[in-house]
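Predicted coordinates and the sequence they were generated for:
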Amino acid sequence: GAGVSQSPSNKVTEKGKDVELRCDPISGHTALYWYRQSLGQGLEFLIYFQGNSAPDKSGLPSDRFSAERTGGSVSTLTIQRTQQEDSAVYLCASSHTTNNEQFFGPGTRLTVL
Amino acid sequence: GENVEQHPSTLSVQEGDSAVIKCTYSDSASNYFPWYKQELGKRPQLIIDIRSNVGEKKDQRIAVTLNKTAKHFSLHITETQPEDSAVYFCAAILFGGLTFGKGTHLIIQP
């Protein structure tokens, strides 16, 4: 079946603009996760959803970051007033339930000029 | 929150030799420990995982060991091949999002 998909694959924006990143999880996966990977760095947890609710938002770096998930499927990560330090690859993952294998999407490469 | 330390940051081995990557974690309640392989420009992919009720798990050339008392777990790759070259990440979880180590760049020398 189809894996996790993300769009856009690349996004270049100007400092101060808002961006919206989209994640389509594997069908039937109830858990969805957002991570950030800066160039040559590890993966940083941002937020996870169980169904439509977000039990853990502890990884969001600032109040400029928000995410939502509707219908227990698609999720969007929104970054307001982007800064250059927001430049990174944003990875989405999904799993059947929590504490199971997380399948990653291809990521969105965000560049803030 | 959970903290995961991973060593070494770079590991170079001769093709055919074994490679060992070690991780420690801080939260004794963590109960799931996956290992991901990430090739350049690609997404992370799970290669093996272990749960806290198991001490060792093996899948062909790859094995993971877990010492709950010491709070450390290790990845062992035997008979390394050129296609094993990649960055490997360990991770730990209690529930929700994974906490990752900073990664090990494994280089297989021909």
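Right, received. Where do you want to start?

Could you check which helix or strand contains the residue in chain B that chain A sits nearest to?
Residue nearest to chain A within chain B: B:Gly97 (3.6 Å; Cβ to the nearest Cβ). Bear in mind the C-beta positions are built from the backbone N, C-alpha and C, glycine included. Remark: B:Gly97 resides in no helix or strand, with elements defined by DSSP states H and E.

Is there a neighbour count for it? I'd like the number.
For B:Gly97, the neighbour count with other Cβ atoms under 10 Å in any protein chain shown is 28.

Skip the chain neighbours and tell me the closest residue to it.
Nearest residue to B:Gly97, sequence neighbours excluded (Cβ to Cβ, 6 or more residues apart in numbering or on different chains): A:Phe45, at 3.6 Å.

contacting residues around residue 82?
Going with chain A. A:Thr13, A:Glu14, A:Lys15, A:Gly16, A:Lys17, A:Asp18, A:Val19, A:Arg64, A:Leu110, A:Val112 (Cβ atoms under 8 Å, 6 or more residues apart in numbering or on different chains).

You answered for a different chain; I wanted chain B.
B:Glu15, B:Ile108, B:Pro110.

Is B:Lys22 in contact with B:Val4, as I believe?
No - the criterion here is Cβ atoms under 8 Å, and B:Lys22 misses it with B:Val4 at 11.1 Å.

where does the closest residue to chain B within chain A fall, helix, sheet strand or coil?
The minimum distance from chain A to chain B, using Cβ to the nearest Cβ, falls at A:Phe45 (3.6 Å). At A:Phe45 the chain is in strand, as set by DSSP: H, G, I helix; E, B strand; the rest coil.

Please tell me how far it sits from A:Lys15.
25 Å (Cβ to Cβ, to the nearest Å).

Could you do B:Asn3 as well?
Counting by Cβ to Cβ, the gap from B:Asn3 to A:Lys15 is 32 Å.
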